[in-house]
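Enquirer: Sequence and predicted model, in that order:
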Amino acid sequence: MQLLRAILQRLLTTAITLIGVAVIVFVVVRVVPGNPIAMMLPPGATDEDIARLTAQYGLDKTIPEQFLIWARGVLHGDFGTSITARQPVLDLVLGRLPATLELSLMALVIAVILGGIAALTGTRKRDTLTEAGIDITNGMALSIPDFLWGLLLILAFGVLVPIFHISGRVTPSLELPFTTDFYLVESLVRLRFDLWLDIVSHMFLPALALAIPLAAIIGQLLKQSLKETMHLDYVTLARTKGYGENHVILREALPNAILPTLTLVGVQFTFLIGGTVIIERLFSYEGLGNMAIDAVINRDLPLIQGIVILFAVIFTAVNLVVDLLYAVLNPRLRHG
Amino acid sequence: MSFLQVTNLSARIKGSDHRLLRGVSLTVEAGEVRGLVGESGAGKSMIGKAILGILPRAIEITGGSILLNGTELLTLSPAERRRLIGASTALIPQDPLTALNPSRRIGPQITDRLVDILGWSRSAADARATELLDEVQITDPTRVLRAYPHELSGGMRQRILIASAFAAEPKLIIADEPTTALDVTVQKQILKLIATMQARHGTALLFVTHDLGVVAKVCQKISVLYGGLVVEDTTAEAYFTGPAHAYSRALLAATPKYTNPEASLLPIPDAVIAAVQADVDAYDRRVP
């Protein structure tokens, strides 16, 4: 009963958040300078041409009127038609979503692995030069933004030592037997490891660029919590039972120390998804972010709205997942 | 030979000349209960931690020897030492609220040593855990073994920690002020429980406490500590009939009496502190 109420409450706040996002985006893209119609027509188009097209896209109406029309469509699952691509926004956006999801999740996995290794090693070797080295590396990883890591990685592993692909999602000449847009997952399911390797080799550098700052945050915070936890009585008691350092860190300290990190990862992961916009552009990766930049350049209002709403839905979903995980990992929250 | 023999044990804070233990010697015979008393900061808990090998990293042992059943602990490799400590000793910690891992169920926290370190089968360890909870008078062991620490009261948790300490039938248990963190009404029951368990299992016990009432109830031998120096090592009987050292006498006099709660608390006289401090200074001059 309590759980049901919590879920309903959550859905309600989510709905209000999304409406707020929709209103703000809708207004902002119409208020800022730049006119989609002007972008579509060749120079020298007559005023009548402009007026006709403006009316065709409903842009001659007031902003509240336009919003109501758009909102009614959304409620029926119609997010409008892209001005530049002349296709339904929903199809375009959902077609690109899997690419971005796969990239973000791969980045998250890399960040958790790298950050986890840094935190565990730093705890194991605490108060030594190794820990100092890890701290310095973390600091550097954190103070360089993801797009700069992207450029560095392109230079290092795309140009100087070309072992990874630096452009696109998959080698264009390859025959793709996929029925979904989740290439990474589907290539595995179909046991096409040749394709899988090609896709990973395309995704690895952009994912790594996104992952490095997050890995540094995870490494730093988790190490801090672990070191604090290592002083607690139950850890000391485990030592007197005959357990060594590795066991004590992994089984006694880690399950408790991981909780604050989990909360932060939830927040930071949404930043990471935001980071895909520039990183996808940098690596010509055909995801939502890349599409978002094109949509903004072309003032493709319906498409911008669709993409932003989708990002907002993803962010909310990530936060929900984090809250659920938190409840699973922390027994004190489970009953209660 | 004594089961535990600590000889001339000294410790200090690393990289400073701040001494924490000054040539501490004490013995615990098999099956015997020794009380380790003194004020806060006298080094009582430090001795227990040194024996168990859980001193904070900032503290180093500068000399002396700890013989456990004839084996010198201070020269063993860390892994060998951990194994020996895990197999033949146990700790009853001070604060039951922080000594159980909040994210693990009670059962595995009792049985983990039996299974992982001593190689028991899981079913034998589980049966042992149930039997032990029975022994520490927990009425529904099955539920408690599946519970998380936050679902249990402080007194319950201390019972569980006592059960866990006796689980592997250790030869020596170090009880580090096991009743200090508990409610006064629960203290008595827990103390009685430890005394009963000790007598039944015949375990040697090193009882660290500042509560002389506790010492009077359960201990046969007593070491009095001041400034990391043993100022008196005697039997409980001799201690309570007429302690030899002025500091011990003052400590005894400073203990509040339940029989006369109106009496004002006696501080330890300055002259006595000065005298015992002189002993400490003399030690420092003698042992540079």
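Expert: Arrived safely.

Enquirer: make it CA atoms for all contacts and neighbour counts henceforth
Expert: Noted.

Enquirer: Show me what from the stretch 151-300 of chain A comes close to chain B.
Expert: By C-alpha under 8 Å from any C-alpha of the partner chain, the residues of the stretch 151-300 of chain A that approach chain B are A:232-237, A:239-244, A:252, A:255-256.

Enquirer: at 10 Å what do you get?
Expert: Those residues of the stretch 151-300 of chain A that sit near chain B, judged by C-alpha under 10 Å from any C-alpha of the partner chain, are A:231-245, A:251-256.

Enquirer: Mind checking which of those residues land in helices?
Expert: Among those, the members falling in helices (DSSP state H) are A:233-240, A:245, A:254-256.

Enquirer: Packing partners of the helix or strand where residue A:11 lies?
Expert: Counting by DSSP states H and E, the element that carries residue A:11 is helix A:2-31. Helix A:2-31 sits against helix A:63-75, helix A:301-329, with contacts defined as 3 or more C-alpha pairs under 10 Å, 6 or more residues apart in numbering or on different chains; DSSP states H and E.

Enquirer: Is it possible to mark the buried ones in the residues of the stretch 151-300 of chain A next to chain B?
Expert: A:232-243, A:252-256 (16 or more other C-alpha atoms under 10 Å in any protein chain shown).

Enquirer: how far out from the middle of the chain is stretch A:152-159?
Expert: Centroid separation between stretch A:152-159 and its chain, computed with C-alpha atoms, centre = their mean, to the nearest Å, is 22 Å.

Enquirer: and the end-to-end length of it?
Expert: 10 Å (C-alpha to C-alpha, to the nearest Å).

Enquirer: Report the rounded mean pLDDT for that stretch.
Expert: The pLDDT scores in stretch A:152-159 average 94.

Enquirer: Alongside chain A, which residues does the stretch 101-250 of chain B contribute?
Expert: B:101-105, B:109, B:112-114, B:116-118, B:147-151, B:161, B:164-165, B:168.

Enquirer: Narrow the residues you listed to those in helices?
Expert: Per DSSP H, the subset of those in helices is B:109, B:112, B:161, B:164-165.

Enquirer: Mind putting those into TSV with neighbour count?
Expert: Converted to TSV, those look like this (neighbours: other C-alpha atoms under 10 Å in any protein chain shown):
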residue	neighbour count
B:109	18
B:112	20
B:161	26
B:164	27
B:165	25
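
Enquirer: May I ask which two of those are separated the most?
Expert: Set against one another by C-alpha to C-alpha, those have their most distant pair in B:112 and B:161, with a gap of 12.9 Å.

Enquirer: what about residue B:7, is that helix, strand or coil?
Expert: Taken by DSSP: H, G, I helix; E, B strand; the rest coil, the conformation at residue B:7 corresponds to strand.

Enquirer: residue contacts, the closest residue to chain B within the stretch 1-150 of chain A?
Expert: Closest contact between the stretch 1-150 of chain A and chain B, by C-alpha to the nearest C-alpha, is at residue A:127 (9.8 Å). If you count contacts by C-alpha atoms under 10 Å, 6 or more residues apart in numbering or on different chains, residue A:127 has them with residue B:57.

Enquirer: thinking again about what came up before, so which of the helices and strands packed on helix A:2-31 is nearest residue A:98?
Expert: Evaluated with C-alpha to C-alpha, the helices and strands packed on helix A:2-31 place helix A:301-329 nearest to residue A:98, the distance being 11.9 Å.

Enquirer: The closest one vs chain B: in contact?
Expert: Yes - Helix A:301-329 is in contact with chain B by C-alpha under 10 Å from any C-alpha, via residue A:329.

Enquirer: Show me what that helix is packed against.
Expert: Using 3+ C-alpha pairs under 10 Å, 6+ apart, helix A:301-329 sits against helix A:2-31, helix A:63-75, helix A:89-124, helix A:254-282, helix A:288-297, helix A:331-334.

Enquirer: mind running it again at 8 Å?
Expert: Judged by 3 or more C-alpha pairs under 8 Å, 6 or more residues apart in numbering or on different chains; DSSP states H and E, the packing partners of helix A:301-329 are helix A:2-31, helix A:89-124, helix A:254-282, helix A:288-297, helix A:331-334.

Enquirer: And the strands in the stretch 1-150 of chain B, which stretches?
Expert: All strands of the stretch 1-150 of chain B, identified by DSSP state E, counting those that start in this stretch, fall at B:4-13, B:19-28, B:33-38, B:59-68, B:71-72, B:89-92.

Enquirer: Please compute how far the third one lies from its chain's middle.
Expert: If I follow you right, that is strand B:33-38. That offset, for strand B:33-38, works out to 8 Å (C-alpha atoms, centre = their mean).

Enquirer: For that strand, give the mean pLDDT please.
Expert: Here strand B:33-38 scores 93 as its mean pLDDT.

Enquirer: contact partners of it?
Expert: B:28, B:44, B:204-212, B:215, B:218-226 (C-alpha atoms under 8 Å, 6 or more residues apart in numbering or on different chains).

Enquirer: Could you do the shortest one as well?
Expert: Counting contacts by C-alpha under 8 Å, 6+ apart, the residues outside strand B:71-72 that touch it are B:65-66.

Enquirer: Partner strands of it, with direction?
Expert: strand B:59-68 (antiparallel) (DSSP bridges).

Enquirer: Please save the CA atoms from the partner strand in CSV.
Expert: Taking Å, rounded to 0.1, in the frame of the first residue of the first chain, the C-alpha atoms of strand B:59-68 are listed here in CSV:
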residue,chain,number,x,y,z
ILE,B,59,50.4,2.9,16.6
GLU,B,60,53.6,0.8,16.6
ILE,B,61,54.8,-1.8,19.1
THR,B,62,58.3,-0.9,20.1
GLY,B,63,59.2,-3.9,22.2
GLY,B,64,58.2,-6.9,24.2
SER,B,65,56.6,-10.2,23.5
ILE,B,66,53.1,-11.7,23.3
LEU,B,67,53.1,-15.5,23.7
LEU,B,68,49.8,-17.2,22.8
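
Enquirer: if we can go back for a sec, now, of the residues of the stretch 101-250 of chain B next to chain A, which are buried?
Expert: Buried members of those, counted by 16+ other C-alpha under 10 Å: B:101-105, B:109, B:112-114, B:117, B:147-150, B:161, B:164-165, B:168.

Enquirer: buried residues in stretch B:267-286?
Expert: Neighbour-count burial for stretch B:267-286 [16+ other C-alpha under 10 Å]: B:268, B:272, B:276-277, B:279-280.

Enquirer: Closest to chain A out of the residues you listed?
Expert: residue B:280 (30.4 Å).

Enquirer: and that closest one, what helix or strand is that in?
Expert: Here residue B:280 is assigned to helix B:270-286, by DSSP H and E.

Enquirer: just checking, what packs against that helix?
Expert: Against helix B:270-286 (3+ C-alpha pairs under 8 Å, 6+ apart) you get helix B:246-253.

Enquirer: Can you report how many residues neighbour the residue lying closest to residue A:214 once chain neighbours are set aside?
Expert: Leaving aside its chain neighbours, residue A:214 sits nearest to residue A:111 (5.8 Å; criterion: C-alpha to C-alpha, 6 or more residues apart in numbering or on different chains). Applying other C-alpha atoms under 10 Å in any protein chain shown, we find 27 residues neighbouring residue A:111.

Enquirer: Next: residue B:209.
Expert: 24.

Enquirer: which residues does it contact?
Expert: Applying C-alpha under 8 Å, 6+ apart to residue B:209 gives the contacts B:35-38, B:44, B:176-177, B:215.

Enquirer: Can you pull the phi and psi angles for the nearest residue to residue B:266 once chain neighbours are set aside?
Expert: Once flanking residues are discounted, residue B:266 sits nearest to residue B:254: 4.8 Å by C-alpha to C-alpha, 6+ apart. For residue B:254, the backbone dihedrals are phi -80, psi -10 (criterion: degrees, to the nearest 10).

Enquirer: Am I right that residue B:254 is in contact with residue B:269?
Expert: No - with contact defined as C-alpha atoms under 8 Å, residue B:254 does not reach residue B:269; the gap is 9.7 Å.

Enquirer: Looking at the stretch 151-288 of chain B, which residue is nearest chain A?
Expert: residue B:151 (8.5 Å).

Enquirer: Could you measure from the spatially closest residue to residue A:59 that is not a sequence neighbour over to residue A:39?
Expert: Distance criterion C-alpha to C-alpha, 6+ apart; nearest residue to residue A:59, sequence neighbours excluded, is residue A:66 at 7.2 Å. Going from residue A:66 to residue A:39 by C-alpha to C-alpha gives 20 Å.
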